[in-house]
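could you work out the structure for the sequence below:
(2 chains)
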There are 2 protein chains.
Amino acid sequence: MSDAKKELTIGMLGCGVVGSQVVRLLLEDSGDFAARSGAKLTLKKIAVRDAKVKREKVPANLITTDADSVVDDPAIDIIIEVMGGLEPARKLLLRAIGNGKSIITANKALLAHHGAELFEAADKNGVDLYYEAAVGGAIPILRPLRESIVGDHVYRVMGIVNGTTNFILTKMDESGSEFAVALKEAQDLGFAEADPTADIEGHDAAAKAAILAGLAFHTRVNIKDVSCEGITRISARDIAVARDIDHVIKLLAIAEINGKGEISVRVHPTLISRQHPLAAVRGSFNAIFVEAESAGELMFYGRGAGGAPTASAILGDLIAIARNKTRGGEGHGESDYAELRFADRGQVLTRYLIRMDVADKPGVLAAIAQIFASNSVSIETVRQSGHDASAELIVMTHQAPEGSLAATVAAIAKSDVVKSVESVIRVEGATR
Amino acid sequence: MSDAKKELTIGMLGCGVVGSQVVRLLLEDSGDFAARSGAKLTLKKIAVRDAKVKREKVPANLITTDADSVVDDPAIDIIIEVMGGLEPARKLLLRAIGNGKSIITANKALLAHHGAELFEAADKNGVDLYYEAAVGGAIPILRPLRESIVGDHVYRVMGIVNGTTNFILTKMDESGSEFAVALKEAQDLGFAEADPTADIEGHDAAAKAAILAGLAFHTRVNIKDVSCEGITRISARDIAVARDIDHVIKLLAIAEINGKGEISVRVHPTLISRQHPLAAVRGSFNAIFVEAESAGELMFYGRGAGGAPTASAILGDLIAIARNKTRGGEGHGESDYAELRFADRGQVLTRYLIRMDVADKPGVLAAIAQIFASNSVSIETVRQSGHDASAELIVMTHQAPEGSLAATVAAIAKSDVVKSVESVIRVEGATR
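Predicted coordinates for the structure are as follows:
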């Protein structure tokens, strides 16, 4: 082929935990990569903020603090972005795309905030923009969604996409400990950052939810379109109640389409049955569960973070882009032809498990049942257990619109017979 | 692009359970497919053996009994082969490839027997040959192995790739029934054929093992290279013993590479820990567990058979090929650059669980332990339970070469103190 290239030159932006692994693998296995991609892959420049940081196995002569010189270098064909953050990553990638370079990025926040701008630029310039590492680390999920299930109709994606929160929830389930204790343990073991906000408040999962939803529904989804609730309010008692009814609590990123062709994208702690394949995903592992019309149920499981797993996904993208270039043609671009609307959040169907402390006296249940009825929310099960002068009442609803469920909880909280609403957790995992 | 086409014409070979679903989806969703693939996809001809068979939702005017007229039709761009069997499928596909048509096939037996010939022909003629539906039905596993994990080093693939045997083994585990009873139930429910030989003897799994191994290790693997043992000898007692030690028995297709860079590919009933992700794969579901150097552990789970799931995988391939054609260039070809050797079967490392009836008298254990020692096989655990004049002895070995383990079993069978060797099952799932 006339436009085939036999040597491809790579520039990298950033060189932290993931970047160092990419460098190591590229230098160690260059022969294998050449055989698999059909081209010699040469790493030419690595832009970093501080050139003085010691980086093992990273050749010092590749390092530069001038990121512009990497994205502007006419000899560089492919940019790997592992610097993270919104700026200057966004500007650098747009400039690289404008210069005709193909892009690999692991930056989920950037894609969830500025994906539309980047994808459009890539499309306009006829370059590849790959980002398998941005969701689920080493788990191949984006390419399957984009290329394998593309002939099918996905109607729901539910993912455990944040290893930190899954580690914490698994610990709480195994040991019965409270959130703060499990978080501390996660921090001590390196599974949670010193500032864990982005993980435990669900922001990281929300960025990934936006990316997954965009691919599943062929529609641009921004992180602003994602409703988000973290796990900080989950208590040991919530976990114990879940166990009693043979469920587990997971922080799920959920993207689904309703009967009217509207999509909803959300992140929240979720009760799912222990029989559900996602329930067996423990510790820092990630998994994405996909329901599609013809394919049925699919699940993709693996390590969602870490230097080597993330580097593995980046190298898969690198070889894919290299193959596109050596064989001519470009890869599969983004597809946003559907441009679906977002469902009104109040109309999204879900189920609630509501745990409350109530006065232990006759007529309480009747009063509460009346509140549910007047909001047209039907009750599936009620469990009551007394202690001292009060009693714990646990209500599992049938499926109902989020708005009606929320209104029910608001009314319950104001009721005379209810001392406090202790927790409200959504329940998912029923089949369509 | 100059060679881009905006309409692609499809010919189909065969129209059974899978083929009918492909037709239904293609005709129902033609607008979606056009948007996703960038081309109008038109189904022009369907070759069948018997035109008189009633096929719902399949337009009669597309049907022909002349398969040659499909593969020779110059207006047809893509051939979907769902007829199954080795001949005439092989000849027809070679002829279609020679005529410059791209191929999608779900025919695992054909690929496992004649893959090398077909892949070479496709490569020579510059056409795509895709076969995602051949392993794991709807589960996207081939494309991830070929394109996502391609930058990594896979060292083991273990798959539950046959739904019939997994259904039977799950039934036996749940109900304690014997193999024959569970098989009958599977047949009654449509999960096993009237002649279940290909499934229960492991031949179907062996064909899929060959395909998986080829992709994982970039080496041509023929079904003749796969050692194969079915599940017909698994008894209710074996299942109960597995349960006692917190294991399950699964028919696994295993492909792995040893420290010398040699590969082994095999299918056999296998004990795995209930904590292993594969243990939770129940009923007719399939899953493929992949261990790679950088990515770590990955698992792909879903429906391994059935008309709609298999059709979903075929349509994913169809859109991929259509995108290749509309954007110019061809897809990722097979990669067999590695040409690894096969390990000597006797040298493959595994572990055995050996269950035997022994005389219930002093010195028996010493005599048996001596046999293990003289074959250099070390014992991990021994469990003995007496009943009447004999006792059941269950030995779990440490890892040892298959040849030494087999020699040990042969020697045990001849020993005076052993009445019978009741069963021998391999144990896998330990990490590297």
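
could you say which helix or strand holds the spatially closest residue to A:L405 that is not a sequence neighbour?
The shortest distance from A:L405 to any non-neighbouring residue, by Cβ to Cβ, 6 or more residues apart in numbering or on different chains, is to A:Y352 (4.8 Å). For every residue, glycine as well, the C-beta is placed using N, CA and C. Following DSSP states H and E, one finds A:Y352 within strand A:349-359.

then that strand to PDB, C-alphas only?
Extracted as PDB, the C-alpha positions of strand A:349-359 are listed here (Å, rounded to 0.1, in the frame of the first residue of the first chain):
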ATOM      1  CA  LEU A 349     -37.400   3.600  36.900                       C
ATOM      2  CA  THR A 350     -35.700   2.000  39.900                       C
ATOM      3  CA  ARG A 351     -36.400   0.400  43.200                       C
ATOM      4  CA  TYR A 352     -35.600   1.700  46.700                       C
ATOM      5  CA  LEU A 353     -34.600  -0.100  49.900                       C
ATOM      6  CA  ILE A 354     -35.600   2.300  52.700                       C
ATOM      7  CA  ARG A 355     -34.400   1.700  56.200                       C
ATOM      8  CA  MET A 356     -36.000   3.800  58.900                       C
ATOM      9  CA  ASP A 357     -36.300   4.100  62.700                       C
ATOM     10  CA  VAL A 358     -39.900   4.200  63.700                       C
ATOM     11  CA  ALA A 359     -41.900   4.500  66.900                       C
END
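
name the nearest residue to A:S374, sequence neighbours excluded.
A:A411 (7.7 Å).

low-confidence regions, chain A specifically.
A:1-5, A:30, A:328-337, A:387-389, A:430-432 (pLDDT under 70).

quick one on the thing from earlier: just grab the bridge partners of the residue nearest to A:L405 for me.
As for beta bridges, A:Y352 partners with A:R426 under DSSP bridges.

run a quick neighbour tally on it.
By other Cβ atoms under 10 Å in any protein chain shown, 23 other residues sit near A:Y352.

could I get the buried residue list for the helix or strand containing A:K184?
For A:K184, the element it lies in under DSSP H and E is helix A:179-188. Buried positions in helix A:179-188, judged by neighbour count with 16 or more other Cβ atoms under 10 Å in any protein chain shown: A:F179, A:A182, A:L183, A:E185, A:A186, A:Q187.

could I get those residues in a markdown table, plus columns for distance to chain B?
As requested, those are exported to a markdown table (distance: Cβ to the nearest Cβ, whole Å):
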| residue | distance to chain B |
| --- | --- |
| A:F179 | 25 |
| A:A182 | 20 |
| A:L183 | 24 |
| A:E185 | 20 |
| A:A186 | 19 |
| A:Q187 | 22 |
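
which of the residues you listed sits closest to A:T326?
A:A186 (43.4 Å; Cβ to Cβ).

right, and the closest one touches A:I168 too?
Yes. With contact defined as Cβ atoms under 8 Å, A:A186 and A:I168 form a contacting pair (5.3 Å).

what do those two both touch?
Common neighbours of A:A186 and A:I168 (criterion: Cβ atoms under 8 Å, 6 or more residues apart in numbering or on different chains): A:A192.

farthest residue from the center of chain A?
Here chain A reaches farthest from its C-alpha mean at A:P362, the gap being 46.1 Å by Cα atoms, centre = their mean.

if we can go back for a sec, residues contacting the helix holding A:K184, please?
By Cβ under 8 Å, 6+ apart, helix A:179-188 touches A:164, A:167-169, A:171-172, A:175, A:177, A:192-194, A:196, A:200, A:231-236.

among these, which ones are buried?
Here, 16+ other Cβ under 10 Å leaves A:164, A:167-169, A:171-172, A:177, A:192, A:196, A:200, A:231-232, A:234, A:236 buried among the contacts of helix A:179-188.

gap between the helix holding A:K184 and the chain center?
21 Å (Cα atoms, centre = their mean, to the nearest Å).

next structured bit after that helix?
Downstream of helix A:179-188, the next assigned helix or strand under DSSP H and E is helix A:197-200.

gap between the strand holding A:Y352 and the chain center?
27 Å.

go on, stretch A:101-108?
Centroid separation for stretch A:101-108 versus its chain: 17 Å, with Cα atoms, centre = their mean.

tell me the buried residues in it?
Buried residues in stretch A:101-108 (16+ other Cβ under 10 Å): A:K101, A:S102, A:I103, A:I104, A:T105, A:A106, A:N107, A:K108.

quick check: phi and psi on A:A287?
phi -160, psi 150 (degrees, to the nearest 10).

picking up where we left off before, what would the buried ones among the contacts of helix A:179-188 look like in TSV with secondary structure and distance to B:I371?
Listed next are these as TSV, based on DSSP: H, G, I helix; E, B strand; the rest coil; distance: Cβ to Cβ, whole Å:
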residue	secondary structure	distance to B:I371
A:T164	helix	51
A:F167	helix	46
A:I168	helix	50
A:L169	helix	49
A:K171	helix	46
A:M172	helix	49
A:S177	coil	49
A:A192	coil	52
A:P196	coil	56
A:I200	helix	57
A:I231	coil	55
A:T232	coil	60
A:I234	coil	55
A:A236	helix	53
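
check contacts around the residue nearest to A:L405.
A:V395, A:M396, A:T397, A:A400, A:L405, A:T408, A:V409, A:V424, A:I425, A:R426, A:V427.

up against chain B, what does the stretch 201-350 of chain A have?
A:218, A:277, A:280, A:287, A:292-303, A:306, A:308-309, A:311-320, A:323-324, A:327-330, A:332, A:335, A:337-338 (Cβ under 8 Å from any Cβ of the partner chain).

please name the nearest non-neighbouring residue to A:A192.
The shortest distance from A:A192 to any non-neighbouring residue, by Cβ to Cβ, 6+ apart, is to A:A186 (3.8 Å).

check the offset of the longest helix along chain A from the chain's centre.
When chain A is parsed with DSSP state H, its longest helix is helix A:307-327. Centroid displacement of helix A:307-327 relative to its chain, using Cα atoms, centre = their mean, is 21 Å.

tilt between that helix and helix B:307-327?
Orientation check (axes from the mean of the first three to the mean of the last three Cα atoms, to 10 degrees): helix A:307-327 against helix B:307-327 gives 50 degrees.

and helix A:307-327, what other elements does it pack with?
strand A:7-13, helix A:17-28, helix A:30-37, strand A:78-81, strand A:102-105, strand A:129-130 (3 or more Cβ pairs under 8 Å, 6 or more residues apart in numbering or on different chains; DSSP states H and E).

of the ones you listed, which is nearest chain B?
Smallest distance to chain B across those (Cβ to the nearest Cβ): 4.2 Å, for helix A:30-37.

which helices and strands does the closest one pack with?
strand A:40-47, helix A:307-327.

just name the most buried of the ones you listed.
helix A:307-327 (a mean of 26; mean count of other Cβ atoms under 10 Å in any protein chain shown).
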